[in-house]
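>>> structure for this input, please:
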Amino acid sequence: MNTLFILVNIIIMIALIGILFYMQKKHVSFSKRVFTGLGLGILLGTFLQLAYHADSVIVGTTTDWINIVGRGYVSLLMMIVIPLIMVSIIQSIINLEKSAELGKMSAWIIGILVATAMAAALVGITAASVFDLDAGQIEAGEAESDRGLALEERLGSVEDMSIPQQILSFIPSNPFQDMTGARATSTIAVVIFSMIVGIAVLGVRRKQPEQAAVFVNWVNAVYAVVMRIVTMILRLTPYGILGLMANTVARTDVAGIIELGKFVGASYVALLAMFIIHLIVIGIFGLNPLTFLRKVLPVLGFAFTSRSSAGTIPLNIQAQKNSLGVHEGIANMSASFGATIGQNGCAGIYPAMLAVMIAPSQGIDPLAPGFIVQLVLIIGISSFGVAGVGGGATFAALIVLSSMNLPVALAGLLISVEPLIDMGRTALNVNGAMLSGTLTSRIMKKLNLNTFNNPKAIEKETSL
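I've put the predicted structure just below:
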């Protein structure tokens, strides 16, 4: 009987995929197909949740099949991330008019990312205080206790690293190992390696122009191929979002969300407040916030469902270049840096809220000026090197809580709602990366305002 139900569920999934395929054949816009996929995924997930149960064998087996579409799409994106970062950054540098621009680009991008992460920390502190969140109010079950013990074990590998050691971990000692994503800081290491290669090519161009020309031609050819692969994969975005959203809704622990509804609500209020701050900053720089929001929504939709900042890099770069008019080199660097530096949601809001929740249990006033200043500074420094995949927020929380001498085990109390909150956090992370690219382009007078203000520019993503 279970097999029959599973088969029916799979047929329903295939029918929904057919709807998206039909829309593609009818040349419906990319953004509309993305949000249709999101809506259909929610409907399918809700059906599975109501018809069966989140923990049932039927839902488990069905979501395994749905994962072929959802997680399979994320895997394809992760496959192209490192080649895209490498060839994009190298190509961007060798096409720069002045090599000095590279330093300015990097400084502005990183500065904006870290500054917004510190602002996000203040937002997190405010939200936790307004909602009167206290870790002592949450009951710990077996799963929460096990999670707490796991966090304490993981802390050993984190707290032994000083700030200089963390910075040192960005430098690639073995770039080929980093190309496999072996470390939390692998993305930054690949970016640095690619920048070094690009700078070296500029030097060769001055002394051996013929050899440099051969390399440049090779890079341009590889770039064309890589971008074609990116285009092919991004065509699958609506299908991937359908699968990811269906799985997330179907496997959601509704009881856990209800129990921790206060924390979930506070988290999303904080995330929304930071989104609004992003839009205000866009307006301060003379750009239309609503235009920015409309053009980044398809990217945020994928980030929300995939919970992967790193996996969103290809879509992020394409949207910045094609929809927002961001300079190509700046788009490449902001998307890459933003996946591991200054993540507003995972490295900013989340650790700040946890610290405020846990501090009273140690007899600390979380609203004391000294505590707040220390917390914001630590968050700014520790926002470097947070992995751009699920679990990055936990890594950030471990660093911040241990630096503040707060117990990390209490963070395990939120295990049942982690996936739900992580969706919003990831969307904010990606929005912060796109904000840094847009503002840096604006500051350096490299933003194509015609593209930014053109409402039809967003459709270029679906020439996809």
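
>>> Ile171 belongs to a strand?
No. Residue state for Ile171 (DSSP: H, G, I helix; E, B strand; the rest coil) corresponds to coil; a strand is not indicated.

>>> just checking, it touches Val191?
No. Look at Ile171 against Val191 with C-beta atoms under 8 Å: they stay out of range, at 11.4 Å. The way it works is simple: take the backbone N, C-alpha and C, and place the C-beta from them, glycine included.

>>> these two: who's more crowded?
Val191 (26 against 11; other C-beta atoms under 10 Å).

>>> could you find the closest non-adjacent residue to that one?
In space, and not counting its chain neighbours, Val191 is closest to Ser336: 4.9 Å by C-beta to C-beta, 6 or more residues apart in numbering.

>>> mind checking the pLDDT average for the one helix or strand that neighbour maps to?
Per DSSP states H and E, Ser336 falls inside helix 328-338. Rounded to a whole number, the mean pLDDT of helix 328-338 is 87.

>>> then stretch 371-390?
77.

>>> restrict it to CA atoms and write it as CSV.
Only the C-alpha atoms of stretch 371-390 are listed here, as CSV (Å, rounded to 0.1, in the frame of the first residue of the first chain):
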residue,chain,number,x,y,z
PHE,A,371,28.6,43.6,26.4
ILE,A,372,27.0,45.0,23.2
VAL,A,373,30.1,46.8,22.0
GLN,A,374,32.2,43.6,22.6
LEU,A,375,29.6,41.4,20.9
VAL,A,376,29.3,43.7,17.7
LEU,A,377,33.1,43.9,17.4
ILE,A,378,33.5,40.1,17.7
ILE,A,379,30.8,39.5,15.2
GLY,A,380,32.5,41.9,12.7
ILE,A,381,35.8,40.1,13.1
SER,A,382,34.4,36.5,13.1
SER,A,383,32.2,37.2,10.1
PHE,A,384,35.2,36.2,7.9
GLY,A,385,35.3,32.7,6.7
VAL,A,386,31.8,31.5,7.6
ALA,A,387,31.1,28.5,5.3
GLY,A,388,28.4,29.4,2.6
VAL,A,389,26.5,26.2,3.1
GLY,A,390,24.1,24.8,5.7
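
>>> helix, strand, or coil at the residue nearest to the spatial centre of the chain?
Closest to where the C-alpha atoms of the chain average out (C-alpha atoms, centre = their mean) is Ser309, at 2.2 Å. Put simply, Ser309 is coil when judged by three-state DSSP.

>>> surely it and Asn429 touch.
Yes. Counting by C-beta under 8 Å, Ser309 touches Asn429, with 4.7 Å between them.

>>> find the residues that touch each one of these two.
Residues touching both Ser309 and Asn429 by C-beta atoms under 8 Å, 6 or more residues apart in numbering: Ala303, Gly338, Ala339, Gln343, Cys346, Gly388.

>>> of the residues you listed, which is the nearest to Ile282?
Nearest to Ile282 out of these is Gly338 (C-beta to C-beta; 15.6 Å).

>>> so what's the closest one closest to, chain neighbours aside?
Excluding the flanking residues, the one nearest Gly338 by C-beta to C-beta, 6+ apart is Ala433, at 2.4 Å.

>>> neighbours of that neighbour, just the number please.
By other C-beta under 10 Å, 36 other residues sit near Ala433.

>>> against Ile93, how distant is it?
To Ile93, Ala433 is 19 Å away according to C-beta to C-beta, to the nearest Å.

>>> mind naming the longest helix for the chain?
As assigned by DSSP state H, the longest helix anywhere in the chain is helix 57-94.

>>> pLDDT weak spots in the chain?
1, 97-100, 136-167, 184-185, 253, 255-259, 385-392, 409-417, 458-464 (pLDDT under 70).

>>> sorry, back to before: who's in contact with the helix or strand just after the helix holding Ser336?
Of the helices and strands lying after helix 328-338 in sequence (DSSP H and E), the nearest is helix 350-358. For helix 350-358, the surrounding residues in contact (C-beta under 8 Å, 6+ apart) are 120-125, 127-129, 133-135, 263, 266-267, 270, 366, 375-376, 379, 382, 393, 396-397, 399-401, 404, 406-407, 410-411, 421, 425.
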